[in-house]
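Student: Below is the sequence, then the predicted model.
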Amino acid sequence: MHRLLILLLASFGGLASASPGAGVPPMLAKALERWSAEQGELAFTQQTRGFLPDGKVKEEWIERYDPSQPDSRRWRLIEVNGVPATDVQSRNWEARRNAKPKRKVDKSTLDYLDLEHSELVGETPKNARYRVPIRPEAQRLVSLDEVDLVVTVDKQSGNVAGIGAALREPIRVLLGLARITDLDVDIRIRPVGDASSRVPDDVESDSTVRLKVSKLGAPVEYNWSDFKRVAPFASGL
């Protein structure tokens with residue numbers, strides 16, 4: 001379940017290695033440890049839109065990513081410019097898309113987060129909200145100081161109940177050739193057990209992630225939605 005968040009962070013900068021220290025809020029540490037250890041991966045729908053200088057949409061395509069499928073079928077093209085993809089478009093697109101190696105995630109969510117400097121920013125009888133900085137070591141290529149990351153913990157289950165992130169100021173990437181101009185992460189987790197349960201919680205299907213990037217002045221927007229936990233495809237079976 002943490003794969004998408006890790007891929008977003010990994011796309012911004014380098015990797016770090018860390019484990020919770022003595023200064024970490026125990027509730028937050030336990031919740032994130034459980035969240036990072038959960039099995040399964042997320043299937044999701046990805047919408048990509050390119051814009052003209054006047055703000056009008058130049059092109060748009062919608063894809064479905066499903067890691068429960070073999071690598072040759074994990075990406076499927078659904079629509080192009082608001083029209084269902086033709087068989088020819090799908091074959092050509094998916095052949096190129098699925099030929100790319102599947103990106104490996106070798107690190108835990110904890111490797112990217114500075115838990116020792118997290119702070120409680122809100123609390124109710126039901127949950128607690130923590131603002132969590134991104135570790136400086138994870139910012140070798142890009143400064144992520146302008147990203148506000150908030151983790152919500154459900155007190156009853158002891159599990160992560162939500163992940164939110166937003167951008168305070170644009171971030172320059174790719175040696176200044178591009179800028180991340182907007183980031184909106186709203187991931188909500190549906191609890192299915194208590195702190196002793198080994199059943200992993202699932203992401204609410206209406207959770208969303210939006211990322212806007214300006215590449216050489218050309219805006220591109222990515223939207224992720226329709227999340228579903230699936231078992232990854234086992235090639236040896």
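Tutor: Looks like it arrived, so ask away.
Student: what are the ranges of the strands in this structure?
Tutor: Listed in chain order, the strands of the chain (DSSP state E) span residues 41-51, 57-65, 75-80, 83-84, 119-123, 127-131, 147-154, 160-167, 171-173, 178-190, 202-203, 208-215, 218-230.
Student: could you say what helices and strands the third one packs with?
Tutor: Under the contact definition 3 or more CB pairs under 8 Å, 6 or more residues apart in numbering; DSSP states H and E, strand 75-80 sits against strand 57-65, helix 87-99. C-beta coordinates here come from the backbone N, C-alpha and C atoms, glycine included.
Student: Could you say which of the ones you listed is packed most deeply?
Tutor: Greatest average neighbour count among the helices and strands packed on strand 75-80 goes to strand 57-65 (a mean of 16), per mean count of other CB atoms under 10 Å.
Student: That one: how far from the chain's middle?
Tutor: Remark: strand 57-65 is offset 18 Å from the chain centroid, using CA atoms, centre = their mean, to the nearest Å.
Student: which residues sit against that strand?
Tutor: With contact meaning CB atoms under 8 Å, 6 or more residues apart in numbering, strand 57-65 is reached by 43-52, 74-82, 85, 93, 97, 226.
Student: Please repeat the previous calculation with a cut-off of 6 Å.
Tutor: Residues from elsewhere that reach strand 57-65 (CB atoms under 6 Å, 6 or more residues apart in numbering): 44-52, 75-81.
Student: Could you find the closest non-adjacent residue to residue 51?
Tutor: Leaving aside its sequence neighbours, residue 51 sits nearest to residue 219 (CB to CB, 6 or more residues apart in numbering; 4.3 Å).
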